[in-house]
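J.: please find the sequence and the predicted model below.
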Amino acid sequence: MQENDIRHFPLRVTAPRRGACPICGVRHDAGQPHYKNSVYYLRHYAYQHGRLPTWEDAMAHCTEETQGRWRAKLAYYGIEPGDTDGQRLDTAGNAEANP
C-alpha cells in the first residue's frame, strides 16, 4: 500500500460534535442532504467509495420532493448535482482534475 493512499492520508478528522449528523459531521435535519463539502464527509466518503462525493450522493437518502428542491437550487447557482467539482481520485487516492 502506498504512503499517499487515501486510507493513510495524514489528516486526522475527529468525530462529529454531539447533535451533528454522524455521516457528514454537520447539524441538519435528517430529511435534508448531507453537507457535501464538509471535511468529515469528504474524507470518509472517499475512503469508503474511492471517489469524492457529489450532491447526488449527499441527497440520496432524501425524498424525491426534497431532492427536486435541492436540484433546482443547485441549478440556480450553476452547480451540477452529479459533478465532483472536476476531481476524481487516482489509484493512490490523490485528487486530480478530470481530463
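T.: Looks like it arrived, so ask away.
J.: just the element for residue 43, please.
T.: Taking DSSP states H and E as the definition, residue 43 sits inside helix 39-49.
J.: what residues sit buried inside that helix?
T.: 40, 41, 42, 43, 44, 45, 46 (16 or more other Cβ atoms under 10 Å). No exception for glycine: its C-beta is placed from N, CA and C like everyone else's.
J.: could you export the residues you listed to CSV, including columns for distance to residue 52 and pLDDT?
T.: Listed next are the buried residues of helix 39-49 as CSV, based on distance: Cβ to Cβ, whole Å; pLDDT from 0 to 100:
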residue, distance to residue 52, pLDDT
40, 13, 90
41, 10, 92
42, 6, 89
43, 10, 86
44, 11, 85
45, 7, 90
46, 6, 86
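J.: name the nearest of those relative to residue 30.
T.: residue 41 (15.1 Å; Cβ to Cβ).
J.: the closest one contacts residue 28, doesn't it?
T.: No - contact criterion Cβ atoms under 8 Å: residue 41 and residue 28 do not qualify, at 11.1 Å.
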